[in-house]
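Trainee: Just to be clear, the model below is a prediction. Sequence and coordinates:
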Amino acid sequence: MKSLHDNGISILGLLTGSVPGTFINLFFPSKNYISPSKDIDRYLDFARQTCQRYRQYITHWQIWNEQNSRRFWIDEPDPEEYLHLFISAAKSVKAVSQKNKLLVGGIVGDSFTWFPTIKKNYFSRLVDLGIDKYADYYSFHSYVPGCYVSVKKNRDAILKKTIRETEHFIRKFPNKPIWITEFGISQLYSLKQEDISLVYRGFLRYCTQKKMPVFFWTFSDMVTGEYSRINPEQYFGFIDKEGNRKVLFLKMKENRES
């Protein structure tokens, strides 16, 4: 943290748990995990200790991750349960420093949901319940199906659809500034890395024009035995599991320099 901070890299803190994307966890996560709403005291203790430990380096905190999906909420996604978690966590985060800013956990899809474990119109309900009273920013994950499996291998179509879905969210929820806290394309069943770099460049240009921060998922391929080899989630990285720079890394560097 100190090294990143000293080199001028701003850090967004993510106060969440991790649920590997196995088939069982995608559809029946409660077999292996407990929803944060059922373990809230332990979560709030974790949030308080983490914010205190890194208060020198982090002032922006995102509360949970993709809570509109069954995988990460563990139980059936419930906006009222999440609002309670968010309000409680906000008190813990602000108790460490009133300067801290709060992001709603990254929403994946919403009214245009394309996966059966994601609850439709979740964020609309969250806004109706009054999340704006406590949040400083919304956050959105701009994934489309082609980010995981691209049948047509069409980079232009993936970029256009990604921007269209992001625009939809921006227009629908104008009350707060929006951060794109995840976007990426797997290299397992999708585009070539050269093409992915061009999609990233186009989306980065779009986000820059909109003055939206964007976080690309993820820096390295995942080193874990909890995913099967066929799961595309493991292969979003700019470097491989051994730490070697991939073509994507080199192409992004090349694009930046040009």
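Mentor: Structure received. Residues are numbered from 1 along each chain as shown.

Trainee: hey, where'd the strands end up in the protein?
Mentor: For the chain, the strands defined by DSSP state E occupy 12-15, 60-65, 101-108, 138-141, 178-183, 214-216.

Trainee: Give me the pLDDT for Ser111.
Mentor: Predicted confidence (pLDDT) for Ser111: 57.

Trainee: and what of Glu257?
Mentor: As predicted, Glu257 sits at a pLDDT of 59.

Trainee: again, but for Glu254
Mentor: At Glu254, pLDDT is 81.

Trainee: Grab the nearest non-local neighbour of it.
Mentor: Nearest residue to Glu254 in three dimensions, chain neighbours excluded: Ser197, at 7.9 Å (Cβ to Cβ, 6 or more residues apart in numbering). Every residue, glycine included, has its C-beta placed from N, CA and C.

Trainee: again with Tyr122
Mentor: Among residues not flanking Tyr122 along the chain, Asn68 sits closest, at 3.7 Å (Cβ to Cβ, 6+ apart).

Trainee: number of nearby residues for the one you found?
Mentor: Using other Cβ atoms under 10 Å, Asn68 is surrounded by 27 other residues.

Trainee: again, but for the one 5 residues further on
Mentor: Residues within reach of Trp73, counting by other Cβ under 10 Å, total 28.

Trainee: Ends of stretch 10-27, what's the gap?
Mentor: By Cα to Cα, to the nearest Å, the extent of stretch 10-27 from end to end equals 35 Å.

Trainee: Now do the buried residues in it.
Mentor: Buried residues in stretch 10-27, counted by 16 or more other Cβ atoms under 10 Å: Leu12, Gly13, Leu14, Leu15, Thr16, Val19, Pro20, Gly21, Thr22, Asn25, Leu26.

Trainee: swap in stretch 186-194?
Mentor: For stretch 186-194, burial by neighbour count (16+ other Cβ under 10 Å) applies to Ser186, Gln187, Leu188, Ser190, Leu191, Gln193.

Trainee: Could you do stretch 160-167 as well?
Mentor: Going by neighbour count (16+ other Cβ under 10 Å), the buried part of stretch 160-167 is Lys161, Thr162, Ile163, Glu165, Thr166.

Trainee: Report the separation between the third one and Ser124.
Mentor: I take that to be Ile163. 21 Å (Cβ to Cβ, to the nearest Å).
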